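Next comes the sequence, and after it the predicted model I'd like to discuss.
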Amino acid sequence: PEELEKQVQSIPWKRAAEPEEIGKLALYLASGDADYVTGATFYIDGGLMQNQGQGA
């Protein structure tokens with residue numbers, strides 16, 4: 001629990017993603033709306049990857 005809280009505090013939004021937030025991206029990618037999406041990486045991380053390597 002202590003390590004998990006430490007990890008959560010490193011996320012700019014200060015919380016973990018909700019399952020529904022991850023599910024929305026999965027639904028989009030499985031839909032026809034994403035037909036032109038190829039080779040993309042999507043981060044559902046509350047901005048965590050945006051700060052990597054910046055000492056934040």
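Yes, it's here.

Helices of the chain, start to end?
Using DSSP state H, the helices of the chain run over 2-9, 19-30.

what's the most buried one of these?
helix 19-30 (a mean of 11; mean count of other C-beta atoms under 10 Å). No exception for glycine: its C-beta is placed from N, CA and C like everyone else's.

Show the average pLDDT along that helix.
Averaged across helix 19-30, the pLDDT comes to 97.

now what about that helix, what contacts it?
34, 37, 42, 44 (C-beta atoms under 8 Å, 6 or more residues apart in numbering).

still on that earlier bit, please convert the helices of the chain to a markdown table, extending it with distance to Gln52.
Converted to a markdown table, the helices of the chain look like this (distance: least, C-beta to C-beta, whole Å):
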| stretch | distance to Gln52 |
| --- | --- |
| helix 2-9 | 14 |
| helix 19-30 | 20 |
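
Now do the residue nearest to the spatial centre of the chain against Glu21, distance only.
Nearest to the mean C-alpha position of the chain, by C-alpha atoms, centre = their mean, lies Ile44 at 1.2 Å. Separation of Ile44 from Glu21 (C-beta to C-beta, to the nearest Å): 6 Å.

Quick one, which of the helices of the chain gets closest to Met49.
The closest of the helices of the chain to Met49 is helix 2-9. By C-beta to C-beta, the value is 13.6 Å.

Does that closest one pack against any helices or strands, and if so which?
The helices and strands touching helix 2-9, judged by 3 or more C-beta pairs under 8 Å, 6 or more residues apart in numbering; DSSP states H and E, number zero.

CA atoms only for it - export them in PDB, please.
The C-alpha coordinates for helix 2-9 follow below in PDB (Å, rounded to 0.1, in the frame of the first residue of the first chain):
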ATOM      1  CA  GLU A   2       2.800   2.500   0.800                       C
ATOM      2  CA  GLU A   3       4.600   1.800  -2.400                       C
ATOM      3  CA  LEU A   4       1.400   2.100  -4.400                       C
ATOM      4  CA  GLU A   5       0.700   5.500  -2.800                       C
ATOM      5  CA  LYS A   6       4.200   6.600  -3.700                       C
ATOM      6  CA  GLN A   7       3.600   5.600  -7.300                       C
ATOM      7  CA  VAL A   8       0.200   7.400  -7.500                       C
ATOM      8  CA  GLN A   9       1.800  10.600  -6.100                       C
END
